[in-house]
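Asks: Using only what follows, build the 3D model:
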Amino acid sequence: MDLEKALLAHLPFTEDLRDHSVQKLAVKMNGVVELRAEGAWFSGDTNWLALPYLPLNDRSFAFAVWLKIIGPDPMYGVFQQYEAFEYNRWLHLMLRGGRQPGNGSDRRLAHRGASPARS
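Replies: Below you'll find the predicted structure:
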């Protein structure tokens, strides 16, 4: 299997905020996301990148990201995706800092190399 062709999305955050996979998905910015030497900088919970819906159900998938935590809060939202027209189809990946699962929110992060979907 050719790994480059198998990627659903690839955002290396080295030169720009675009998808570098063969799909070349449109990446929409909400708020302000800066590209810095360390990668993409998300300064708060009103700043994120959005990609089109990627069908992850009924298939194997992996999500890889390098993060540098810079805020004092132990909880950080990293990735989320949901089905708009189907009940109870939600995927939310977060760092919880030792806290039990629950409902959290995004905080300040520096992301580098996010894939496959929304950060």
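Asks: distance of residue 57 from residue 33?
Replies: According to C-beta to C-beta, to the nearest Å, residue 57 and residue 33 sit 28 Å apart. From N, CA and C alone the C-beta is placed, and that goes for glycine too.
Asks: Of these two, which one has the most company?
Replies: Legend: neighbour count by other C-beta atoms under 10 Å for residue 57 and residue 33, higher for residue 33 (18 against 9).
Asks: Can you verify my assumption that that one contacts residue 40?
Replies: Yes - Residue 33 is within contact range of residue 40, at 5.6 Å (criterion: C-beta atoms under 8 Å).
Asks: Would you state the strands of the chain in chain order?
Replies: For the chain, the strands defined by DSSP state E cover 28-30, 33-36, 39-42, 48-50, 64-69, 76-82, 90-95, 109-115.
Asks: Buried deepest among the ones you listed, which one?
Replies: Scoring the strands of the chain by mean neighbour count under mean count of other C-beta atoms under 10 Å gives strand 39-42 as the most buried, with a mean of 22.
Asks: quick check: mean pLDDT across stretch 66-84?
Replies: The pLDDT scores in stretch 66-84 average 82.
Asks: confidence score at residue 104?
Replies: In this model, residue 104 carries a pLDDT of 46.
Asks: Make 312 the starting number, not 1.
Replies: With the count now opening at 312, the last piece we talked about shows up as residue 415.
Asks: how about the strands of the chain in JSON lines, adding distance to residue 313?
Replies: Compiled in JSON lines, these are given as follows (distance: least, C-beta to C-beta, whole Å):
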{"stretch": "strand 339-341", "distance to residue 313": "28"}
{"stretch": "strand 344-347", "distance to residue 313": "28"}
{"stretch": "strand 350-353", "distance to residue 313": "26"}
{"stretch": "strand 359-361", "distance to residue 313": "25"}
{"stretch": "strand 375-380", "distance to residue 313": "17"}
{"stretch": "strand 387-393", "distance to residue 313": "24"}
{"stretch": "strand 401-406", "distance to residue 313": "25"}
{"stretch": "strand 420-426", "distance to residue 313": "16"}
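Asks: This completes my enquiry, with thanks.
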